[in-house]
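**Q** Build me a model from this:
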Amino acid sequence: MAIRPPILQRGDTIGIVTLGSPLDANTIDARIQTLGNMGFQVVVGKYAYAYGGIVASTAQQRADDLMSMFVNPNVKMILPTRGGTGVKDILPLLNYPIINSHPKIVTGYSDISILLNILYQFANLISFQSLLLIDFNTSTPAYNFDQFYAATSTLVSPRVITNPPGMPLNGLVKGHVRGQIVGGNLTSFVGTLGTPFEVDTKGKIILIEETHEPTNTIYRYLTQLIMAGKFRDCVGIVMGLCTNCSTSYNTSYDDLINGIMVPLGKPLMTNLSTAHGLYKAAIPIGAMADLDTYNNTLTVLEPTVTV
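**A** Prediction:
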């Protein structure tokens, strides 16, 4: 069983870090103000405002910022400003035994999803594909905050993950399996193949989602994961949305799912709204889940935080 981080409560301190691409300082400040208005305290990493090009700062600086939040006894949750590019650069520089002994809530998506899976694989820590700092604003749907708090601020178990009304989950390959949830952003995972940090899918339920990629690129990436054995080793598959993905060669994202993923024969659910979608279901990476594509349900079977 993976380690559950301590529960998040109003008044707790949140550590802000930039682990991939930079974010405009005015945006960071505005979102921090929102956190304050919501009743949280904030500690800002030394390099959170850095602006070094494609990545905010050096890999060592970003890794040091993250580790400083894990060892800070006042910090209850670590909140990256955004994803972007370059998060995998910090993975060889992290101290996983220290992370294991100082569990904290870590949340995010996009390129952050690589970090989430490695925290589970290397430090046995449950983390959350959920909100980034950029999402703490007044235009974020209430659904997203409800999902975030259900995962990080309650001990509710089991917890059924549901889309907003009018967005049904679809079971394309029927089956009923259980396993820990892993996965996240497709592009980010393909970028780790052949490294010590590629996602381990053996016996797991794997989630895939993407944004702003044409379907010919999605085809390339999905077939790469197939050839790498990532779908052979899993017990079930959940396909999230492909947000703002353009159609290539008259082939849609749904066409790819039906043509590539359905023939794999693994229990397959589609249309989960999470990560880059407008609506963001909170997915606890490393938690035990039940995938039932007869009844179109995805259920987290354990509390994902602890008192």
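
**Q** from here on, contacts and neighbour counts on C-alpha atoms
**A** Fine.

**Q** so what's Gln60 up against?
**A** Counting by Cα atoms under 8 Å, 6 or more residues apart in numbering, Gln60 makes contact with Ile90, Leu93.

**Q** Does it lie in a helix or a strand, and which?
**A** helix 59-71 (DSSP states H and E).

**Q** same thing with Asn26?
**A** Here Asn26 is assigned to helix 25-37, by DSSP H and E.

**Q** what's downstream of that helix, the next helix or strand?
**A** Later in the chain than helix 25-37, the nearest helix or strand by DSSP H and E is strand 41-44.

**Q** Can you give me the buried ones in the helix holding Asn26?
**A** Across helix 25-37, burial judged by 16 or more other Cα atoms under 10 Å covers Ile28, Arg31, Ile32, Gln33, Thr34, Leu35.

**Q** Just put those residues in TSV and tack on distance to Asn296 and pLDDT.
**A** Below are the buried residues of helix 25-37 laid out as TSV (distance: Cα to Cα, whole Å; pLDDT from 0 to 100):
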residue	distance to Asn296	pLDDT
Ile28	38	98
Arg31	35	98
Ile32	37	98
Gln33	39	98
Thr34	36	97
Leu35	35	98
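
**Q** need the strands for the stretch 1-150 of the chain, in chain order.
**A** Per DSSP state E, counting those that start in this stretch, the stretch 1-150 of the chain carries strands over the ranges 13-17, 41-44, 75-80, 105-108, 127-129.

**Q** what do you get for the stretch 201-307 of the chain?
**A** For the stretch 201-307 of the chain, applying DSSP E, counting those that start in this stretch gives strands covering 205-211, 236-243, 268-272, 283-285, 288-292, 297-300.

**Q** most tightly surrounded among those strands?
**A** Most buried of the strands of the stretch 201-307 of the chain by mean neighbour count (mean count of other Cα atoms under 10 Å) is strand 283-285; its value is a mean of 27.

**Q** That strand: how far from the chain's middle?
**A** Chain-centre distance of strand 283-285: 7 Å, with Cα atoms, centre = their mean, to the nearest Å.

**Q** Can you list the strands that that strand pairs with?
**A** Strand 283-285 has the following sheet partners, assigned by DSSP bridges: strand 127-129 (antiparallel).

**Q** mean confidence score for the strand it pairs with?
**A** Averaged over strand 127-129, pLDDT sits at 98.

**Q** Please list the residues outside that strand that contact it.
**A** 105-109, 113, 116-117, 119-120, 151, 184, 274-275, 282-286.

**Q** 7 Å instead?
**A** Ile105, Val106, Thr107, Gly108, Tyr109, Ser113, Leu116, Ala275, Ala282, Ile283, Pro284, Ile285 (Cα atoms under 7 Å, 6 or more residues apart in numbering).

**Q** cool, stretch 299-307 as well?
**A** Residues contacting stretch 299-307 (Cα under 7 Å, 6+ apart): 4-7, 126, 151-152, 155-161, 284, 287-291.

**Q** give me that answer again for 6 Å
**A** 4-7, 155, 157-161, 288-290 (Cα atoms under 6 Å, 6 or more residues apart in numbering).

**Q** from these, which single one is nearest Gly83?
**A** Pro5 (21.6 Å; Cα to Cα).

**Q** Count the residues that sit near that closest one.
**A** Counted by other Cα atoms under 10 Å, the residues lying close to Pro5 total 22.

**Q** now do the one 10 residues further on
**A** Residues lying near Gly15 (other Cα under 10 Å) number 24.

**Q** what's across from it in the sheet?
**A** Bridge pairing for Gly15 - DSSP bridges - gives Val43, Ile78.

**Q** From Gly175, how far off is it?
**A** According to Cα to Cα, to the nearest Å, Gly15 stands 40 Å off from Gly175.

**Q** Kindly report the same for Ile260.
**A** Counting by Cα to Cα, the gap from Ile260 to Gly175 is 18 Å.
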